[in-house]
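Trainee: kindly return the folded structure for what I paste below:
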Amino acid sequence: MRAGADDPRSAAVAALLDRAVTDGRVHGAAWLVARGDDVVTGTAGEAAPGRAVRRDTLFRLSSTTKPVVAAAALTLVDDGTLGLDAPVDRWLPELAGRRVLADPAGPLDATVPAERPITVRDVLESRIGLGFDFTSEGPDPVLAALAAGGLHVGPPAPQADPDPDTWLAVVGGVPLAEQPGTRWRYHLPMQVLGVLVARAAGAPLPQVLRARVLDPAGMTRTGFHVPADQRHRFGRQWATGPGGDVTVYDEPDGQWARPPAFPDGGAGLVATVDDVHAFARVLRAGGTADDGTRVLAAGTVEAMLSPHVGPLGDDGRGAWGLGIGLCRLDMPDGRRAGTYGWDGGLGSTWWTDPVQDVVAVLLTTDAWTSPEPSPLFQAFWSAAFGGA
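Mentor: Modelled structure (predicted):
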(Lines give C-alpha, C1' and ligand atoms only; values in the text may rest on other atoms or scores of the structure.)
Protein backbone atom coordinates (compact mmCIF):
# COMPACT_ATOMS: atom_id res chain seq x y z
CA MET A 1 0.00 0.00 0.00
CA ARG A 2 1.34 3.42 -0.91
CA ALA A 3 0.08 6.96 -0.40
CA GLY A 4 1.20 10.23 -1.96
CA ALA A 5 3.00 11.18 -5.12
CA ASP A 6 5.35 8.71 -6.75
CA ASP A 7 8.68 8.71 -8.57
CA PRO A 8 11.09 5.97 -9.69
CA ARG A 9 13.08 6.00 -6.45
CA SER A 10 9.96 5.66 -4.28
CA ALA A 11 8.71 2.89 -6.55
CA ALA A 12 12.06 1.15 -6.03
CA VAL A 13 11.61 1.40 -2.25
CA ALA A 14 8.13 -0.13 -2.48
CA ALA A 15 9.38 -2.99 -4.66
CA LEU A 16 12.33 -3.59 -2.34
CA LEU A 17 10.14 -3.96 0.76
CA ASP A 18 7.59 -6.13 -1.03
CA ARG A 19 10.41 -8.47 -2.08
CA ALA A 20 11.88 -8.46 1.43
CA VAL A 21 8.58 -9.72 2.84
CA THR A 22 8.15 -12.29 0.07
CA ASP A 23 11.72 -13.53 0.58
CA GLY A 24 11.28 -13.77 4.35
CA ARG A 25 13.87 -11.14 5.23
CA VAL A 26 11.30 -9.24 7.29
CA HIS A 27 7.81 -10.05 8.47
CA GLY A 28 6.48 -6.52 8.22
CA ALA A 29 7.56 -2.96 7.47
CA ALA A 30 6.34 0.60 7.11
CA TRP A 31 8.34 3.20 5.23
CA LEU A 32 8.25 6.86 4.33
CA VAL A 33 10.30 8.89 1.87
CA ALA A 34 9.87 12.67 1.67
CA ARG A 35 11.48 14.76 -1.05
CA GLY A 36 10.90 18.28 0.13
CA ASP A 37 7.20 18.43 0.93
CA ASP A 38 6.32 15.49 -1.34
CA VAL A 39 5.73 12.51 0.95
CA VAL A 40 5.35 8.89 -0.16
CA THR A 41 4.57 6.13 2.32
CA GLY A 42 4.10 2.39 2.07
CA THR A 43 3.61 -0.79 4.05
CA ALA A 44 4.42 -4.44 3.50
CA GLY A 45 3.76 -7.67 5.32
CA GLU A 46 2.28 -8.32 8.74
CA ALA A 47 2.71 -6.71 12.13
CA ALA A 48 1.48 -9.96 13.68
CA PRO A 49 0.02 -13.14 12.20
CA GLY A 50 -3.15 -12.24 10.34
CA ARG A 51 -2.74 -8.51 10.92
CA ALA A 52 -1.28 -6.41 8.12
CA VAL A 53 1.07 -3.52 8.77
CA ARG A 54 -0.71 -0.18 8.46
CA ARG A 55 0.60 3.34 8.23
CA ASP A 56 -0.28 3.87 11.91
CA THR A 57 1.36 0.63 13.12
CA LEU A 58 3.65 1.13 16.11
CA PHE A 59 7.21 -0.18 15.95
CA ARG A 60 9.96 -0.47 18.54
CA LEU A 61 12.47 2.24 17.67
CA SER A 62 15.35 0.88 19.79
CA SER A 63 18.34 3.18 19.20
CA THR A 64 16.46 5.58 16.95
CA THR A 65 15.22 6.76 20.35
CA LYS A 66 18.56 8.46 21.01
CA PRO A 67 18.16 11.67 18.95
CA VAL A 68 14.67 12.26 20.36
CA VAL A 69 15.92 12.14 23.95
CA ALA A 70 18.94 14.23 22.97
CA ALA A 71 16.52 16.89 21.70
CA ALA A 72 14.81 16.91 25.11
CA ALA A 73 18.18 17.43 26.79
CA LEU A 74 18.94 20.31 24.44
CA THR A 75 15.66 22.03 25.34
CA LEU A 76 17.06 22.15 28.88
CA VAL A 77 20.21 23.72 27.50
CA ASP A 78 18.10 26.28 25.65
CA ASP A 79 16.28 27.34 28.82
CA GLY A 80 19.45 27.46 30.93
CA THR A 81 18.66 24.48 33.15
CA LEU A 82 21.68 22.62 31.80
CA GLY A 83 24.98 23.99 30.56
CA LEU A 84 26.78 21.99 27.90
CA ASP A 85 30.14 22.36 29.60
CA ALA A 86 28.88 22.08 33.16
CA PRO A 87 29.70 18.98 35.22
CA VAL A 88 26.82 16.56 35.69
CA ASP A 89 27.71 16.20 39.39
CA ARG A 90 24.84 18.43 40.56
CA TRP A 91 22.24 16.24 38.89
CA LEU A 92 24.06 12.91 38.89
CA PRO A 93 26.14 12.79 42.10
CA GLU A 94 26.61 9.06 41.55
CA LEU A 95 28.98 9.98 38.70
CA ALA A 96 31.07 12.49 40.66
CA GLY A 97 34.65 11.82 41.76
CA ARG A 98 35.14 8.91 39.38
CA ARG A 99 37.95 6.41 39.14
CA VAL A 100 39.17 5.23 35.72
CA LEU A 101 40.68 1.90 34.72
CA ALA A 102 44.42 2.11 34.19
CA ASP A 103 43.84 -0.34 31.32
CA PRO A 104 40.35 -0.49 29.70
CA ALA A 105 40.65 -4.28 29.54
CA GLY A 106 42.42 -4.60 32.89
CA PRO A 107 41.26 -5.49 36.42
CA LEU A 108 38.60 -3.35 38.10
CA ASP A 109 40.81 -2.60 41.09
CA ALA A 110 43.62 -1.05 39.01
CA THR A 111 42.41 2.52 38.64
CA VAL A 112 43.54 6.14 38.51
CA PRO A 113 41.57 9.29 39.36
CA ALA A 114 39.45 10.91 36.66
CA GLU A 115 41.27 13.92 35.26
CA ARG A 116 38.08 16.01 35.25
CA PRO A 117 34.34 15.66 35.88
CA ILE A 118 31.92 14.29 33.29
CA THR A 119 30.10 17.17 31.56
CA VAL A 120 26.71 17.43 29.88
CA ARG A 121 28.56 17.70 26.58
CA ASP A 122 30.40 14.44 27.31
CA VAL A 123 27.07 12.66 27.79
CA LEU A 124 25.58 14.01 24.56
CA GLU A 125 28.80 13.20 22.68
CA SER A 126 28.81 9.66 24.16
CA ARG A 127 32.24 10.24 25.70
CA ILE A 128 31.65 9.60 29.39
CA GLY A 129 34.06 6.66 29.54
CA LEU A 130 31.34 4.00 29.61
CA GLY A 131 29.50 2.04 26.93
CA PHE A 132 30.02 -0.43 24.13
CA ASP A 133 33.32 -0.32 22.26
CA PHE A 134 32.69 -1.86 18.84
CA THR A 135 36.38 -1.64 17.96
CA SER A 136 37.42 -4.07 20.68
CA GLU A 137 37.17 -7.84 20.38
CA GLY A 138 38.39 -8.55 23.91
CA PRO A 139 36.54 -8.70 27.23
CA ASP A 140 34.98 -5.58 28.69
CA PRO A 141 35.34 -5.79 32.48
CA VAL A 142 33.18 -2.73 33.14
CA LEU A 143 30.21 -4.02 31.14
CA ALA A 144 30.63 -7.39 32.83
CA ALA A 145 30.53 -5.66 36.22
CA LEU A 146 27.36 -3.78 35.27
CA ALA A 147 25.70 -7.03 34.22
CA ALA A 148 26.80 -8.65 37.49
CA GLY A 149 25.25 -5.70 39.30
CA GLY A 150 21.85 -6.47 37.79
CA LEU A 151 21.76 -4.19 34.74
CA HIS A 152 20.59 -5.41 31.35
CA VAL A 153 23.32 -5.09 28.71
CA GLY A 154 21.65 -6.92 25.81
CA PRO A 155 18.99 -5.98 23.25
CA PRO A 156 16.30 -3.55 24.45
CA ALA A 157 14.07 -5.06 27.13
CA PRO A 158 12.14 -2.35 29.01
CA GLN A 159 11.12 -4.56 31.92
CA ALA A 160 14.64 -5.86 32.57
CA ASP A 161 16.20 -2.86 34.37
CA PRO A 162 15.48 -1.34 37.80
CA ASP A 163 14.28 2.19 38.46
CA PRO A 164 16.56 5.09 37.41
CA ASP A 165 17.99 5.73 40.89
CA THR A 166 18.89 2.07 41.38
CA TRP A 167 20.20 1.84 37.82
CA LEU A 168 22.48 4.85 38.22
CA ALA A 169 23.71 3.64 41.61
CA VAL A 170 24.99 0.50 39.89
CA VAL A 171 26.62 2.56 37.13
CA GLY A 172 28.22 4.80 39.75
CA GLY A 173 29.66 1.76 41.49
CA VAL A 174 31.99 0.75 38.66
CA PRO A 175 35.07 2.59 37.35
CA LEU A 176 35.08 4.31 33.99
CA ALA A 177 36.82 2.43 31.20
CA GLU A 178 38.43 5.64 29.92
CA GLN A 179 38.90 9.26 30.89
CA PRO A 180 35.88 11.52 30.31
CA GLY A 181 35.88 13.20 26.93
CA THR A 182 38.42 10.90 25.30
CA ARG A 183 36.59 8.21 23.30
CA TRP A 184 33.15 7.55 21.84
CA ARG A 185 31.40 4.57 23.40
CA TYR A 186 27.93 3.50 22.44
CA HIS A 187 24.53 3.36 24.12
CA LEU A 188 25.11 3.62 27.87
CA PRO A 189 25.82 7.39 27.71
CA MET A 190 22.38 7.94 26.18
CA GLN A 191 20.80 5.89 28.96
CA VAL A 192 22.59 8.19 31.40
CA LEU A 193 21.25 11.14 29.40
CA GLY A 194 17.68 9.99 30.05
CA VAL A 195 18.31 10.01 33.81
CA LEU A 196 19.98 13.43 33.53
CA VAL A 197 17.02 14.90 31.62
CA ALA A 198 14.53 13.60 34.19
CA ARG A 199 16.46 14.85 37.21
CA ALA A 200 17.25 18.24 35.72
CA ALA A 201 13.62 18.78 34.70
CA GLY A 202 12.28 17.44 37.98
CA ALA A 203 9.88 14.90 36.44
CA PRO A 204 9.98 11.35 35.04
CA LEU A 205 11.50 11.08 31.58
CA PRO A 206 8.23 10.11 29.81
CA GLN A 207 6.57 13.29 31.13
CA VAL A 208 9.52 15.50 30.23
CA LEU A 209 9.79 14.04 26.74
CA ARG A 210 6.05 14.43 26.17
CA ALA A 211 6.01 18.06 27.28
CA ARG A 212 9.21 19.23 25.65
CA VAL A 213 9.43 17.26 22.39
CA LEU A 214 6.65 14.81 21.58
CA ASP A 215 3.59 17.05 21.97
CA PRO A 216 5.22 20.19 20.49
CA ALA A 217 6.46 18.18 17.50
CA GLY A 218 3.10 16.47 16.95
CA MET A 219 4.43 13.00 17.83
CA THR A 220 1.14 11.93 19.36
CA ARG A 221 1.65 8.17 19.06
CA THR A 222 5.20 7.96 20.43
CA GLY A 223 5.94 6.73 23.97
CA PHE A 224 7.76 4.28 26.20
CA HIS A 225 4.94 1.73 26.24
CA VAL A 226 1.78 0.79 24.33
CA PRO A 227 -1.46 1.10 26.31
CA ALA A 228 -3.96 -1.73 26.03
CA ASP A 229 -6.37 0.29 23.89
CA GLN A 230 -3.59 0.88 21.32
CA ARG A 231 -2.21 -2.65 21.28
CA HIS A 232 -4.09 -3.48 18.07
CA ARG A 233 -1.62 -1.18 16.30
CA PHE A 234 1.41 -2.95 17.80
CA GLY A 235 3.05 -6.10 16.51
CA ARG A 236 5.52 -8.86 17.18
CA GLN A 237 9.27 -8.36 17.25
CA TRP A 238 11.32 -11.05 15.57
CA ALA A 239 14.99 -11.96 16.03
CA THR A 240 17.38 -14.25 14.19
CA GLY A 241 19.74 -16.43 16.23
CA PRO A 242 23.37 -17.28 15.42
CA GLY A 243 22.26 -20.43 13.64
CA GLY A 244 19.75 -18.58 11.46
CA ASP A 245 16.69 -19.63 13.45
CA VAL A 246 14.02 -16.91 13.50
CA THR A 247 12.20 -16.61 16.81
CA VAL A 248 9.74 -14.24 18.47
CA TYR A 249 11.70 -11.75 20.58
CA ASP A 250 8.70 -9.87 21.95
CA GLU A 251 4.92 -10.11 21.72
CA PRO A 252 2.51 -7.15 21.60
CA ASP A 253 1.64 -7.80 25.25
CA GLY A 254 5.30 -8.26 26.24
CA GLN A 255 8.10 -5.89 27.25
CA TRP A 256 6.45 -2.70 25.94
CA ALA A 257 2.95 -3.47 27.23
CA ARG A 258 3.29 -1.47 30.45
CA PRO A 259 5.32 1.50 31.67
CA PRO A 260 8.92 0.49 32.35
CA ALA A 261 10.62 1.02 35.70
CA PHE A 262 13.55 2.43 33.72
CA PRO A 263 12.46 4.58 30.75
CA ASP A 264 15.44 3.93 28.50
CA GLY A 265 16.70 7.10 26.84
CA GLY A 266 18.88 5.00 24.59
CA ALA A 267 16.40 2.51 23.15
CA GLY A 268 12.97 2.58 24.78
CA LEU A 269 10.52 4.34 22.46
CA VAL A 270 7.83 3.04 20.13
CA ALA A 271 6.51 5.19 17.28
CA THR A 272 4.95 5.29 13.83
CA VAL A 273 6.63 6.32 10.59
CA ASP A 274 4.66 9.58 10.63
CA ASP A 275 5.82 10.43 14.15
CA VAL A 276 9.45 9.84 13.21
CA HIS A 277 8.89 12.06 10.19
CA ALA A 278 7.37 14.74 12.44
CA PHE A 279 10.58 14.78 14.48
CA ALA A 280 12.63 14.92 11.30
CA ARG A 281 10.60 17.92 10.13
CA VAL A 282 11.36 19.82 13.34
CA LEU A 283 15.11 19.47 12.76
CA ARG A 284 14.73 20.18 9.04
CA ALA A 285 12.95 23.44 9.94
CA GLY A 286 15.68 24.52 12.33
CA GLY A 287 13.80 23.57 15.50
CA THR A 288 10.25 24.66 14.62
CA ALA A 289 7.22 22.36 14.46
CA ASP A 290 4.65 22.47 11.66
CA ASP A 291 2.34 24.76 13.64
CA GLY A 292 5.12 27.26 14.36
CA THR A 293 5.90 26.01 17.87
CA ARG A 294 9.55 26.52 18.71
CA VAL A 295 10.94 23.20 20.01
CA LEU A 296 14.66 24.01 19.83
CA ALA A 297 16.59 27.18 19.12
CA ALA A 298 17.97 27.31 15.59
CA GLY A 299 21.53 27.61 16.90
CA THR A 300 20.98 24.57 19.12
CA VAL A 301 19.84 22.51 16.13
CA GLU A 302 22.92 23.62 14.22
CA ALA A 303 25.14 22.52 17.11
CA MET A 304 23.27 19.22 17.42
CA LEU A 305 23.78 18.45 13.74
CA SER A 306 27.47 19.44 13.63
CA PRO A 307 30.19 16.76 13.89
CA HIS A 308 31.67 16.65 17.39
CA VAL A 309 33.18 13.16 17.35
CA GLY A 310 34.74 11.35 14.43
CA PRO A 311 35.65 9.89 12.13
CA LEU A 312 33.63 6.85 13.17
CA GLY A 313 32.93 3.52 11.51
CA ASP A 314 35.14 1.10 9.64
CA ASP A 315 35.33 3.43 6.64
CA GLY A 316 35.66 6.64 8.66
CA ARG A 317 32.66 8.18 6.92
CA GLY A 318 30.58 8.53 10.07
CA ALA A 319 30.55 11.11 12.87
CA TRP A 320 28.52 11.94 15.96
CA GLY A 321 26.88 15.22 16.80
CA LEU A 322 25.05 15.95 20.04
CA GLY A 323 23.12 12.71 20.48
CA ILE A 324 22.76 12.01 16.77
CA GLY A 325 24.64 10.28 13.97
CA LEU A 326 26.09 12.11 10.97
CA CYS A 327 27.55 11.28 7.59
CA ARG A 328 30.93 13.00 7.66
CA LEU A 329 31.54 12.23 3.99
CA ASP A 330 29.35 11.27 1.04
CA MET A 331 28.16 7.67 1.42
CA PRO A 332 28.11 4.99 -1.31
CA ASP A 333 24.36 4.58 -0.72
CA GLY A 334 23.67 8.15 -1.85
CA ARG A 335 23.49 9.98 1.48
CA ARG A 336 25.47 13.20 1.17
CA ALA A 337 27.92 14.59 3.71
CA GLY A 338 25.90 16.32 6.42
CA THR A 339 23.09 13.75 6.40
CA TYR A 340 21.89 13.09 9.96
CA GLY A 341 19.75 10.54 11.79
CA TRP A 342 20.20 7.16 13.41
CA ASP A 343 19.32 3.48 13.28
CA GLY A 344 17.87 0.96 15.71
CA GLY A 345 19.05 -2.62 15.98
CA LEU A 346 15.49 -3.91 16.35
CA GLY A 347 14.96 -2.87 12.73
CA SER A 348 14.51 0.88 12.36
CA THR A 349 16.25 3.71 10.51
CA TRP A 350 15.74 7.43 9.89
CA TRP A 351 18.07 9.75 7.99
CA THR A 352 17.62 13.27 6.64
CA ASP A 353 19.82 14.42 3.76
CA PRO A 354 19.71 18.26 3.81
CA VAL A 355 21.65 18.49 0.55
CA GLN A 356 19.03 16.58 -1.46
CA ASP A 357 16.23 17.53 0.97
CA VAL A 358 15.25 13.89 1.41
CA VAL A 359 13.96 12.21 4.57
CA ALA A 360 13.83 8.41 4.65
CA VAL A 361 12.27 6.30 7.43
CA LEU A 362 12.01 2.52 7.56
CA LEU A 363 10.52 0.66 10.53
CA THR A 364 10.41 -3.13 10.55
CA THR A 365 9.42 -6.02 12.78
CA ASP A 366 12.78 -7.79 12.51
CA ALA A 367 16.01 -7.16 14.43
CA TRP A 368 19.39 -6.82 12.79
CA THR A 369 21.71 -9.79 13.23
CA SER A 370 24.77 -7.63 14.05
CA PRO A 371 25.64 -4.01 14.95
CA GLU A 372 26.12 -3.37 11.24
CA PRO A 373 23.07 -2.59 9.08
CA SER A 374 21.67 -5.49 7.13
CA PRO A 375 21.82 -5.55 3.31
CA LEU A 376 18.11 -4.70 3.30
CA PHE A 377 18.74 -1.38 5.04
CA GLN A 378 21.67 -0.56 2.79
CA ALA A 379 19.42 -1.25 -0.21
CA PHE A 380 16.72 0.95 1.29
CA TRP A 381 19.12 3.88 1.62
CA SER A 382 20.35 3.40 -1.94
CA ALA A 383 16.79 3.33 -3.25
CA ALA A 384 15.71 6.35 -1.21
CA PHE A 385 18.81 8.52 -1.64
CA GLY A 386 19.88 7.51 -5.12
CA GLY A 387 23.02 5.51 -4.35
CA ALA A 388 24.76 2.96 -6.52
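
Trainee: contacts and neighbour counts: CA atoms only from here.
Mentor: Fine.

Trainee: residue 340 pairs with what?
Mentor: residue 326, residue 352 (DSSP bridges).

Trainee: is it true that it touches residue 305?
Mentor: Yes. Using CA atoms under 8 Å, residue 340 is in contact with residue 305, at 6.8 Å.

Trainee: mutual contacts of the two, please.
Mentor: Counting by CA atoms under 8 Å, 6 or more residues apart in numbering, the contacts common to residue 340 and residue 305 are 324, 326.

Trainee: which one's more surrounded, these two?
Mentor: Set side by side, residue 340 and residue 305 show more neighbours around residue 340, with 29 against 21, by other CA atoms under 10 Å.

Trainee: so what's that one scoring on pLDDT?
Mentor: pLDDT, residue 340: 98.

Trainee: swap in residue 99?
Mentor: What the model reports as pLDDT for residue 99 is 97.

Trainee: residue 53 reaches residue 46, doesn't it?
Mentor: Yes. Under the criterion of CA under 8 Å, residue 53 makes contact with residue 46 at 4.9 Å.

Trainee: and these two? Which one has more around it.
Mentor: Neighbour count, other CA under 10 Å: between residue 53 and residue 46, residue 53 has more, with 25 against 22.

Trainee: domain ranges for this protein?
Mentor: 2-58+205-385, 70-201 (automatic domain parsing).

Trainee: residue 64: which of those domains is closest?
Mentor: When these are compared by CA to CA, domain 2-58+205-385 sits nearest residue 64, at 5.0 Å.

Trainee: distance from the closest one to the middle of the chain?
Mentor: The chain centroid and the centroid of domain 2-58+205-385 are separated by 9 Å under CA atoms, centre = their mean, to the nearest Å.

Trainee: residues in contact with residue 350?
Mentor: Going by CA under 8 Å, 6+ apart, residue 350 touches 64, 276, 341-343, 359-362.

Trainee: can you put these in JSON lines and add neighbour count and secondary structure?
Mentor: JSON lines is the format used below for the contacts of residue 350 (neighbours: other CA atoms under 10 Å; DSSP: H, G, I helix; E, B strand; the rest coil):
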{"residue": "64", "neighbour count": "28", "secondary structure": "helix"}
{"residue": "276", "neighbour count": "27", "secondary structure": "helix"}
{"residue": "341", "neighbour count": "24", "secondary structure": "strand"}
{"residue": "342", "neighbour count": "20", "secondary structure": "strand"}
{"residue": "343", "neighbour count": "25", "secondary structure": "strand"}
{"residue": "359", "neighbour count": "26", "secondary structure": "strand"}
{"residue": "360", "neighbour count": "27", "secondary structure": "strand"}
{"residue": "361", "neighbour count": "27", "secondary structure": "strand"}
{"residue": "362", "neighbour count": "26", "secondary structure": "strand"}
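
Trainee: widest-spaced pair of those?
Mentor: 64 and 359 (14.3 Å).

Trainee: other SSEs contacting the lengthiest strand in the chain?
Mentor: Assignment by DSSP state E gives strand 38-48 as the longest strand of the chain. Here strand 38-48 touches strand 2-3, helix 8-22, strand 28-35, strand 51-52, going by 3 or more CA pairs under 8 Å, 6 or more residues apart in numbering; DSSP states H and E.
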